[in-house]
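[1] What follows is a protein structure lacking sequence information:
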């Protein structure tokens with residue numbers, strides 16, 4: 001059973017936790033280490049310094065300066081490495097107070113079928129159970145829930161369908177462009193595959209080109225996909241998802257509805273499968289299921 005610790009929320013402040021930034025820092029640290037090793041090697045071999053120094057600087061002062069630089073670089077490297085590890089661990093496993101606060105109250109949303117036109121219906125249109133999910137393609141919790149949902153869809157291939165509704169959060173730099181790219185795959189009949197690919201390579205957003213994503217998707221016209229994904233025009237389906245989410249008072253992703261039942265927190269795979277099974281068996285998955293009431297944001 002996969003436990004999901006939280007959701008991405010507008011209440012969370014950007015804190016540099018993107019792996020893309022971490023990779024750039026690792027490259028910087030790598031270059032510092034190379035310079036440090038090169039300087040130490042030259043000093044041991046008695047070779048002249050490769051960085052020109054003023055002629056008035058004596059050899060002893062040069063060695064002293066080199067030692068100080070080496071020590072400073074070592075301290076900076078160690079601190080940066082520790083910082084990056086802390087950031088990466090916090091991003092993947094941390095449960096900050098901001099994440100914990102986004103858990104809301106579960107309840108039934110009677111107008112849930114009105115959300116379907118705002119998203120992509122995936123699966124059997126005649127299925128008896130529908131999951132509507134407001135999703136941010138840069139949100140790590142959305143990526144994890146996508147794995148849960150795909151397993152549950154495999155368990156109920158004919159009885160469960162899925163509505164993907166775009167809801168890119170402004171705190172995520174590449175979320176909206178990723179949503180656009182997924183829409184650009186739609187004319188090729190590969191929207192769901194694009195979602196899976198973007199989630200699988202989520203840490204490469206901003207580093208990997210859209211042409212490379214198109215190649216991963218094996219699209220017949222990678223140039224057309226690249227042009228589409230690189231534009232800045234509003235995308236109707238993305239804007240529709242944002243409008244639908246705003247109307248419901250949504251501020252966190254993923255936000256999940258199961259035949260109208262809005263989860264206050266993200267369900268694990270066993271919980272979602274149990275609820276689907278209850279609905280198919282004619283049982284109420286939750287005590288207040290089907291009882292429409294005013295939704296609190």
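    All right, it came through fine. All values derive from a computational prediction rather than experimental measurement.

[2] From residue 241, how far off is the nearest residue to residue 120 once chain neighbours are set aside?
    Closest residue to residue 120 in three dimensions, ignoring its sequence neighbours and counting by CB to CB, 6 or more residues apart in numbering: residue 164, at 4.5 Å. (Each C-beta comes from the backbone N, C-alpha and C, glycine too.) Note on residue 164: its distance to residue 241, by CB to CB, to the nearest Å, is 9 Å.

[3] Find the residues that touch each one of those two.
    Overlap between the neighbourhoods of residue 164 and residue 241 consists of residue 119, taking contacts as CB atoms under 8 Å, 6 or more residues apart in numbering.

[4] Quick one: residues in contact with the helix or strand harbouring residue 214.
    Residue 214 is located in helix 210-216, with elements delineated by DSSP states H and E. Contacts of helix 210-216 from elsewhere in the structure, counted by CB under 8 Å, 6+ apart, are 181, 184, 194, 197-198, 201, 222-223, 225-226, 229-230.

[5] and the residue nearest to residue 120, that one's in a strand?
    Yes. The assignment for residue 164 by DSSP: H, G, I helix; E, B strand; the rest coil puts it in a strand.

[6] Can you tell me how far the closest residue to residue 151 other than its chain neighbours is from residue 153?
    By the measure of CB to CB, 6+ apart, the closest residue to residue 151 outside its immediate chain neighbours is residue 269, 5.5 Å from it. Between residue 269 and residue 153 the distance, using CB to CB, works out to 11 Å.

[7] May I have the secondary structure class of the nearest residue to residue 123 once chain neighbours are set aside?
    Beyond its immediate neighbours in the sequence, the residue positioned closest to residue 123 (CB to CB, 6+ apart) is residue 161, lying 3.3 Å away. Of the three states, residue 161 takes strand under three-state DSSP.

[8] Assess the claim that residue 161 and residue 121 are in contact.
    Yes. Look at residue 161 against residue 121 with CB atoms under 8 Å: they come within range, at 6.2 Å.

[9] Give me the more crowded residue out of these two.
    Taking other CB atoms under 10 Å, residue 161 and residue 121 do not tie; residue 161 has more neighbours (21 against 15).
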